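> Let's see this in three dimensions:
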Amino acid sequence: MLILSGLISTPLLSQNDAADTVYSVTDTLPDDYNLFSKDEVLDISLSFDIKYYKRKRSDEEYLDAVLTYYTGENDSITRNIKLRSRGIMRREYCDFPPLLLNFKAKDSVGKEFNKINKLKMVTICKKGQEDYLLREYLVYKIYNILTDYSFKVRLLRINYINTGDANKRDRQFAFAIEPVDLLSKRLNSFEVPLRTLHRNIIKPDMFDRMAIFNYMIGNVDWAVGNQHNVVVLQSGQSDRPDLGICIPYDFDYSGIVDTDYAVPGEGVDIKSVRERAYLGLCREKQDFEKALKEFSDNKDAIYGVIRDFPYLKEKSKTDMIKYLDGFYSQFDKRNSIVNNLLFDCRRYGK
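Numbering: from 1, shown residues only. Next comes the predicted model:
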């Protein structure tokens, strides 16, 4: 079995998001405040050549941009930054590809963007698809309910200013994802360098939580082996420092988000992303029951994340809750949920 202890701490950016080090951030700031310390929507403006950005959609070429965010009713802070597109499928498919923002070291001091070097931002893929973005944002928030070992997100309301088209403006939602270096520091851990990993080197309770969560939301677009939509961390303060910590991200292919471009993954016997398949490892029944208890205990809080969110259409809220009902209906007297996990893990998890 591969042991993780002894690996060198090497922070990495996933999804081809490695960037030059010209805009590196110093590490001398207090940790008590950053973009992800609050939940309310943050209003910002981004001014850059959007016309050129959409045409080139390069994940290598950085464009000059101006970011303005508002610290009060009449106060704002403006920063000159660099940005580029990121991702794989969404960078090719979306009319407006996701963004990677790159801050200068001196601009990463204080306020909202404290200690942030590079920031991944999820944008609305195509016009009329705001609900997809808000649904995915809520999926991150639901996982936050279950564990601190999860990516924090912050909802943004962006005023885009297109300098390539007579400063034409457009206002849209987006959300920012906690950078891996901030996540690692928050959890007193470091990212395991990208390599082929076996699922057995992940802490069993964390692997099971992530696998059941992905089953709950109808997501089969993940894998620990090649760290596909999964970040693996290691913590020397863990009760098992030789085992890794897995944290999922990118949920646009899940059934609960149900984007128009999502298709089932290869090797999984489902015809639609709205169907569920459990890709976790097989466990004893009592182990599954223990892992499932936190999902049962947090059911009301999970539903509350959706019901209490003011920006999603009621129709979409109803659809998300109905989809979760399909998961929780398996918590019955026949223990259907455990039997279904056991059936799937023998086919896929082994």
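
> contacting residues for the residue most central in space within the chain?
The centre of the chain sits closest to Y249, judged by C-alpha atoms, centre = their mean, with a distance of 3.5 Å. Taking C-beta atoms under 8 Å, 6 or more residues apart in numbering as the criterion, Y249 is in contact with 14, 140, 151, 177, 229-231. No exception for glycine: its C-beta is placed from N, CA and C like everyone else's.

> Between which two of the residues you listed is the distance greatest?
Greatest spatial distance among the contacts of Y249 (C-beta to C-beta): S14 and Y140, at 15.0 Å.

> quick one: the strands in the stretch 201-350 of the chain?
230-234, 245-248 (DSSP state E, counting those that start in this stretch).

> mind checking how far R209 is from D239?
From R209 over to D239 the distance is 16 Å, taken as C-beta to C-beta, to the nearest Å.

> An error on my part: the question was meant for A291.
A291 is 17 Å from D239, where distance means C-beta to C-beta.

> So for those two, which sits in the more crowded spot?
Taking other C-beta atoms under 10 Å, A291 and D239 do not tie; A291 has more neighbours (20 against 7).

> list the contacts for the more buried one?
Shown in contact with A291 (C-beta under 8 Å, 6+ apart): 205, 208-209, 212, 283.

> For it, give me the pLDDT.
Looking at A291, its pLDDT reads 98.

> Please name the residues that touch F96.
Going by C-beta under 8 Å, 6+ apart, F96 touches 50, 54, 123-126.

> need the contact list for D39.
Shown in contact with D39 (C-beta under 8 Å, 6+ apart): 154-155.

> What subset of the contacts of A291 is buried?
Buried members of these, scored by 16 or more other C-beta atoms under 10 Å, are 208-209, 212, 283.

> Show me the two of those residues that sit farthest apart.
R209 and R283 (12.0 Å).

> Specify the beta-bridge partners of M121.
Applying DSSP bridges to M121 gives these bridge partners: L99, A176.

> Could you double-check that it sits in contact with L101?
Yes: when contacts are counted by C-beta atoms under 8 Å, M121 is listed as touching L101 (6.2 Å).

> For stretch 290-298, buried residues please.
Buried residues in stretch 290-298 (16+ other C-beta under 10 Å): 291-292, 294-295.

> now, which of the residues you listed sits nearest I306?
So of these, ranked by how close each gets to I306 (C-beta to C-beta), first place is F295, at 15.0 Å.

> Against K185, how distant is that closest one?
With C-beta to C-beta as the criterion, F295 and K185 are 28 Å apart.

> Over to L42?
The spacing between L42 and K185, counted by C-beta to C-beta, is 21 Å.

> Same check on E289?
Per C-beta to C-beta, E289 is found 34 Å from K185.

> For the closest residue to A211 other than its chain neighbours, give me its contacts.
Nearest residue to A211, sequence neighbours excluded (C-beta to C-beta, 6 or more residues apart in numbering): G280, at 2.9 Å. Residues near G280 by C-beta under 8 Å, 6+ apart: 207-208, 210-212, 215, 341, 345, 349.

> and if you look at N188?
Applying C-beta under 8 Å, 6+ apart, we find N188 in contact with 235-237.

> So for it, what's the pLDDT?
At N188, the predicted lDDT confidence score is 93.

> Leaving out sequence neighbours, find the closest residue to G255.
Closest to G255 by C-beta to C-beta, 6+ apart is G218, at 2.5 Å.

> Go ahead and confirm that neighbour touches M320.
No: using C-beta under 8 Å, G218 makes no contact with M320, being 10.9 Å away.

> Check the contact lists of these two and give me the overlap.
With C-beta under 8 Å, 6+ apart, G218 and M320 have common neighbours I256.

> I177 - nearest residue in space that isn't next to it in sequence?
K120 is the one closest to I177 (C-beta to C-beta, 6+ apart), at 4.6 Å.

> And stretch 71-82, what's buried?
Using 16+ other C-beta under 10 Å as the test for burial, stretch 71-82 gives 79, 81-82.

> Alpha carbons only: can I get it in PDB?
Extracted in PDB, the C-alpha atoms of stretch 71-82 (Å, rounded to 0.1, in the frame of the first residue of the first chain):
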ATOM      1  CA  THR A  71     -16.400  48.200   1.400                       C
ATOM      2  CA  GLY A  72     -19.200  50.500   2.200                       C
ATOM      3  CA  GLU A  73     -22.100  52.500   0.800                       C
ATOM      4  CA  ASN A  74     -19.700  55.100  -0.600                       C
ATOM      5  CA  ASP A  75     -16.300  53.400  -0.300                       C
ATOM      6  CA  SER A  76     -14.600  51.100  -2.800                       C
ATOM      7  CA  ILE A  77     -11.200  49.700  -3.500                       C
ATOM      8  CA  THR A  78      -9.700  49.300  -7.000                       C
ATOM      9  CA  ARG A  79      -7.000  46.800  -8.000                       C
ATOM     10  CA  ASN A  80      -5.100  46.200 -11.200                       C
ATOM     11  CA  ILE A  81      -5.000  42.400 -11.700                       C
ATOM     12  CA  LYS A  82      -4.400  39.800 -14.400                       C
END
